[in-house]
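*Asks:* Sequence and predicted structure below; questions after.
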Amino acid sequence: MNSKYIYFWLASNNLLNKKKFKLYDNIPRPILLIWQGKLPIIKEKIYLLSVLKLTGWVSSKVDQKIINQVTRKQPELTHEITCLYQSLVNQAEAVTTLFSFQMQTNDETAKELSQYLAKVLLNCNSESSQFLLDKHYHQFWYDLASLKLSQINPSIVLW
Amino acid sequence: MLFIIKTILNLASGLQFNPTQKSDSQKTFEKYSYGKIYKSNDGKCILQQITQNHRDDIIAIYKIIHEDGNGSITVKLCDINKYKIRTQEKILYKAEIGNLNRAEGLIKKHKNMDIDKYTHRLSIFNKKNTQQRSSIYSIIDLRLRTNSSNDEYNNHYTKKIFFLFLAKLINKPYRSNYEDAIICLLKESWDRKIIQFADQFYKSKNYPIDNLSSKIIYCRSKNYE
């Protein structure tokens, strides 16, 4: 849910890019990094993959625009990875969450995991495009991310 | 003059191609090593043990060939723990290259492996004739490990159990026709019989054992056309 506010914050500041899916990492905290843009196989939708830090929020203001306070699934969790998409054709359509998980880890691991997920999103072939267009495949993304995470660091659990 | 140049060029190209062909054949030879061979009492079935060197999750492969048939039954024995790790790597790779449909299928397979309860996965393939691709017949999970923690020692015993079990299986009187024999072999209830056989084997050796158990994951029990 948190990243939705960030999406609207980006949109209100005209920072949303409608070109290629690309990495942006010079963004004010609590956002660690953002992958954002159009995917090669889906032309009519704009995607956002963000890594968000749940700790160290001094104030709820980012660049004078208010972002709502973070909701954590567990008190000890530190990072959130979220993927959102919105239709470019129909602007009235709501922003949909493709997947979203929280975990207790360090910045490096969160970045590595997000990098892997971005690669999967970018390389996805046209035969398996349903995984990018339907929010009901949340479980698949959760399984994939937890498998990758168990390869990087087996002690971390996804929420 | 031209002719001489042409022949030299031909020779040179031949020299270039020959070493690659050799290395390919050498590779396949290194991959598989053919072990023990057993012939049934009536001489109609042949059992062969094949060991693989390029995949560490496969413990052994057994092949049963009937005298008059061109098809065969292949039994593949895997260490389920290593197999699960291998499947995980495959899932991550398939997702990375963009084949998410395949990755989803493999995730289902990955979830289906219970490494706490079972130690080995047995896959039985059968092939009707030389033209047909070998298709999966059934998958069975087994708990065969003994209390000993030594992996090589355990693998040695499981290999031996399977060889003796299959040798016993092909010694039963079957009809002369190849297809009949294959049907009879496949219709045996493998899961229960292996457990019974392993239990007897370990008891005869006075070897300490856990609770042996089995579970059928998949079985194409119906019609063998």
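*Replies:* Thanks, I have it.
*Asks:* All the helices of chain A, residue numbers only.
*Replies:* A:2-12, A:107-123, A:130-133, A:138-152 (DSSP state H).
*Asks:* Tabulate the ones you listed (TSV), appending mean neighbour count, distance to chain B and mean pLDDT.
*Replies:* (Each C-beta comes from the backbone N, C-alpha and C, glycine too.) Shown next, in TSV, are the helices of chain A (neighbours: other CB atoms under 10 Å in any protein chain shown; distance: least, CB to the nearest CB, whole Å; pLDDT from 0 to 100):
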stretch	mean neighbour count	distance to chain B	mean pLDDT
helix A:2-12	18	22	65
helix A:107-123	18	4	86
helix A:130-133	16	5	83
helix A:138-152	18	5	86
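*Asks:* Could I get the contacting residues of A:N123?
*Replies:* Counting by CB atoms under 8 Å, 6 or more residues apart in numbering or on different chains, A:N123 touches B:E96, B:I97, B:G98.
*Asks:* Can I get the buried part of those residues as one PyMOL selection?
*Replies:* Selection of buried members from the contacts of A:N123 for PyMOL, criterion 16 or more other CB atoms under 10 Å in any protein chain shown:
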select buried, chain B and resi 98
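*Asks:* Could you measure from the nearest residue to A:S100 once chain neighbours are set aside over to chain B?
*Replies:* Spatially, and ignoring its direct neighbours in sequence, A:S100 is nearest to A:T82 (4.2 Å; CB to CB, 6 or more residues apart in numbering or on different chains). Separation of A:T82 from chain B (CB to the nearest CB, to the nearest Å) stands at 18 Å.
*Asks:* I'd guessed A:T82 sits against A:Y47; true?
*Replies:* No - applying CB atoms under 8 Å, one finds A:T82 not in contact with A:Y47, separated by 11.0 Å.
*Asks:* For the residue nearest to A:S100, give me the pLDDT.
*Replies:* pLDDT, A:T82: 85.
*Asks:* Tell me what it is bridged to.
*Replies:* A:T82 has these beta-bridge partners by DSSP bridges: A:S50, A:S100.
*Asks:* Neighbours of it, how many?
*Replies:* Close neighbours of A:T82, defined as other CB atoms under 10 Å in any protein chain shown, add up to 22.
*Asks:* Excluding covalently adjacent residues, which one is nearest to the most centrally placed residue in chain B?
*Replies:* The geometric centre of chain B, computed from its C-alpha atoms, lies nearest to B:K76 (CA atoms, centre = their mean), at 2.1 Å. Of all residues not flanking B:K76 in the chain, B:S123 sits nearest, at 4.6 Å (CB to CB, 6+ apart).
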